[in-house]
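In: could you look at this predicted model? Sequence included:
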Amino acid sequence: MRRALTALGVLVLAGAGAAWWLTAPDPIPEEQLARYQGDATRGQTLFAAGGCASCHVAPDAPATESPVLSGGQRFVTQFGTFVAPNISPSPQGIGDWSDPQVMNAVLRGVSPEGQHYYPAFPWNAYNKADPQDVADIVAYIRTLPPSDTESQPHELPFPFSIRRAVGGWKLLFMNTDWVLQGDLTPEQERGRYLVEALAHCGECHTPRNALGGLRTDAWLSGAPDPAGKGRNPNITPAGLDWSEQEIAAMLQSGFTPDYDVVGGEMAEVVANTAQLSNEDRLAIAAYLKAVPAIESAAPPAGEGQP
Amino acid sequence: MHRYIKLAALVGVAAFSAGALAAQEEDESPQDIAVEIRQGHMLNYAANLMVVGGMAQGQRDYDAAAAQVAADNLFHLASINQAHYWPEGTSNADMEDSKALPAIWENMDDFNAKQANLLQAVTALQGAAGTDLAALQGAMGAVGQACGACHQNYRESEEQ
């Protein structure tokens, strides 16, 4: 609570000089990124692992080999409605951006104009990605069909409409360290990379604090589904008692060990994880077995049935 | 544990009739009965998917005859006209036990189209399941996708 108050203070006083300086966007120098040469073939699998298309294709667009990243999906949150932008290789998308500009968007949450992106765009996970992998993803996106759809503005009430305030949010919640620390096997490390960086699983499976920051103390222990009634499940060992093989099988086929089939946003995630190698799916499973078992937080009163 | 409860429910595949009878005894509403029948229908899918899915994923040995039985059952289950299983007023906004999202009734044509896609996928499975393991595996992907496509838009997220 004190942290929330402090955060509010930062937001409210964003006009003050110190805060202005502290909230400045912090892109990676262009020359540092320019040395990465993207490989589109490699980028295709990484693009799936990153789940980029799930949010950036048009609403209800059918699954296709070459997704059209025209944007337009709406994400309703307690802070307002975010609208995914066009990121296709066109003038309305990222067609005119340099590779380092796209990489800074993904790795730092900073636009080519030097503005912050809201954390609805999961740069707080992608910032742990290998820049080479991001360069490969960018190279792949440039091979996809262009779309001339104009990006729509977010619909955010004051004070969330102040983009600069995201700088304060970044000060509080931006995290480039791994959540799971300690000695890991190479397989667990690979799983950590996929879960915490590219696939950004924590964005839906970890509860958030009052300001929308992920509660890393309750990492992957389940959270209300912002899309409606229901909850995104606890996938720590306290919530998921499936074997590693069963987890990997679900990520490939969608079938749970009960032969139920996962739905909601997870159906789209499975369409992505099905494109990974079985080794990568097993690495994700190995990582999920290694995270601390955390009981799900009780849903706030009035949230309805779990 | 949850899994074993579900499995126990499966063993009595009488889920339909028993559920309906019990419902009447407890004086449940037609809406309650509709939800129970739908959930029983889903468990029937699972009872057969675990046979062909288990073979496809190598959790059980391939057995052409058993695979064919399960695939035939899935075909018949997906062929059932469920229109009267989905009366208005049975979404999760209306009923505690329902996981069916209101979007179903707002997009009934799409909902029916997704059901038709499932029938198409299990028809292909029926043709492949008894041939050999590779054919079975080849047909299972579309079945999982058909299930997932409907759950994606029309079923509430689930607590573990």
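Out: Looks like it arrived, so ask away.

In: show the contacting residues for the closest residue to chain A within chain B.
Out: As assessed by C-beta to the nearest C-beta, chain A sits closest to B:H151 within chain B, at 2.5 Å. To be clear about C-beta, it is placed using only N, CA and C from the backbone, and glycine gets the same treatment. Taking C-beta atoms under 8 Å, 6 or more residues apart in numbering or on different chains, we find B:H151 in contact with A:261-264, A:267.

In: where's the residue positioned nearest the centre of chain B, which helix or strand?
Out: With distances taken as C-alpha atoms, centre = their mean, B:M42 lies nearest the centre of chain B, 2.9 Å away. Assigned by DSSP states H and E, B:M42 belongs to helix B:30-56.

In: next one: the following helix or strand past that helix to chain centre, how far?
Out: Once the chain leaves helix B:30-56, the next helix or strand it forms, by DSSP H and E, is helix B:64-79. Relative to its parent chain, helix B:64-79 has a centroid offset of 13 Å by C-alpha atoms, centre = their mean, to the nearest Å.

In: circling back to that earlier point, farthest-apart pair in the contacts of B:H151, please.
Out: Maximum pairwise distance in the contacts of B:H151, criterion C-beta to C-beta, is 11.0 Å, between A:V261 and A:G264.

In: more neighbours: which of the two?
Out: Ranked by neighbour count (other C-beta atoms under 10 Å in any protein chain shown), A:V261 and A:G264 place A:V261 first, with 29 against 23.

In: in the stretch 101-250 of chain A, which spans are strands?
Out: If DSSP state E, counting those that start in this stretch is used as the criterion, the strands of the stretch 101-250 of chain A fall at A:223-224, A:231-232.

In: how many neighbours does B:Q39 have?
Out: Neighbour count of B:Q39, defined by other C-beta under 10 Å: 17.

In: how close does it sit to A:Y259?
Out: B:Q39 sits 14 Å away from A:Y259, going by C-beta to C-beta, to the nearest Å.

In: where does the nearest residue to A:R108 once chain neighbours are set aside fall, phi/psi-wise?
Out: Closest residue to A:R108 apart from its sequence neighbours, by C-beta to C-beta, 6 or more residues apart in numbering or on different chains: A:P27 at 5.4 Å. Here is the backbone geometry of A:P27 (degrees, to the nearest 10): phi -70, psi 160.

In: any chance of JSON lines for the strands of the stretch 101-250 of chain A, columns mean neighbour count, mean pLDDT and distance to chain B?
Out: Below are the strands of the stretch 101-250 of chain A laid out as JSON lines (neighbours: other C-beta atoms under 10 Å in any protein chain shown; pLDDT from 0 to 100; distance: least, C-beta to the nearest C-beta, whole Å):
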{"stretch": "strand A:223-224", "mean neighbour count": "22", "mean pLDDT": "90", "distance to chain B": "9"}
{"stretch": "strand A:231-232", "mean neighbour count": "24", "mean pLDDT": "88", "distance to chain B": "5"}
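
In: could I get the ones you listed as JSON lines with distance to A:I284?
Out: Shown next, in JSON lines, are the strands of the stretch 101-250 of chain A (distance: least, C-beta to C-beta, whole Å):
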{"stretch": "strand A:223-224", "distance to A:I284": "19"}
{"stretch": "strand A:231-232", "distance to A:I284": "16"}
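
In: those: which one's closest to A:P89?
Out: That would be strand A:231-232 among these, by C-beta to C-beta, at 32.1 Å.

In: name the helices or strands packed onto the closest one?
Out: The criterion is 3 or more C-beta pairs under 8 Å, 6 or more residues apart in numbering or on different chains; DSSP states H and E, and the helices and strands that strand A:231-232 contacts are strand A:223-224.

In: fine by me, we can end here.
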